[in-house]
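Asks: turn this into a model:
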Amino acid sequence: MSSNVLIISNTTELVRVKPERVVYIESDGNYSTMVLHDKTEHVFSMNLAHCQQLIEKQLGKQAEMFIRIGKQLIINREYICKVNVNKQILIMSDIVLNHAFTLSASKEALKQLKLYLESAIGKEVKL
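Replies: Purely as a prediction, here's the structure:
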């Protein structure tokens, strides 16, 4: 089932958001924080695995715009600006609004992301 809106609900709150507005979702144990391109934050009492399942169930094929990075992050691939494996930094940026988000992740997670992005570039060039 594909939709243009992602709906996340818990006991106290329901949020409807267009998937392209979500820059990343960060987990801290049983809580997840969804950060939008305008720096708005929504906190939910659910772990990252549950968020990932909701995204996949509600968005279907469109869920491919999100990538799970390690144990604590789900990112929107459209906002990836810079991956620095050695410094363990991932910079997410919305070019239209000039907002930048600096995230940290493990070297291994960033190395895998970098390899994934490089292979995706290779596929695009071959087309």
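
Asks: any low-confidence regions in the protein?
Replies: Residue ranges of the chain with pLDDT under 70: 1-3, 96-97, 122-127.

Asks: spatially speaking, which residue is in the middle of the chain?
Replies: Nearest residue to the geometric centre of the chain (CA atoms, centre = their mean): residue 75, 1.7 Å.

Asks: so it: helix, strand or coil?
Replies: Look at residue 75: counting by DSSP: H, G, I helix; E, B strand; the rest coil, its state is strand.

Asks: mind naming the longest helix for the protein?
Replies: Counting residues, the longest helix found in the chain (DSSP state H) is helix 107-126.

Asks: in it, what's buried?
Replies: Across helix 107-126, burial judged by 16 or more other CB atoms under 10 Å covers 109, 110, 112, 113. In this view, the C-beta of every residue, glycine as well, is placed from N, C-alpha and C.

Asks: for the residue nearest to the centre of the chain, which non-adjacent residue is spatially closest?
Replies: Nearest non-adjacent residue to residue 75, counting by CB to CB, 6 or more residues apart in numbering: residue 24, 4.6 Å away.
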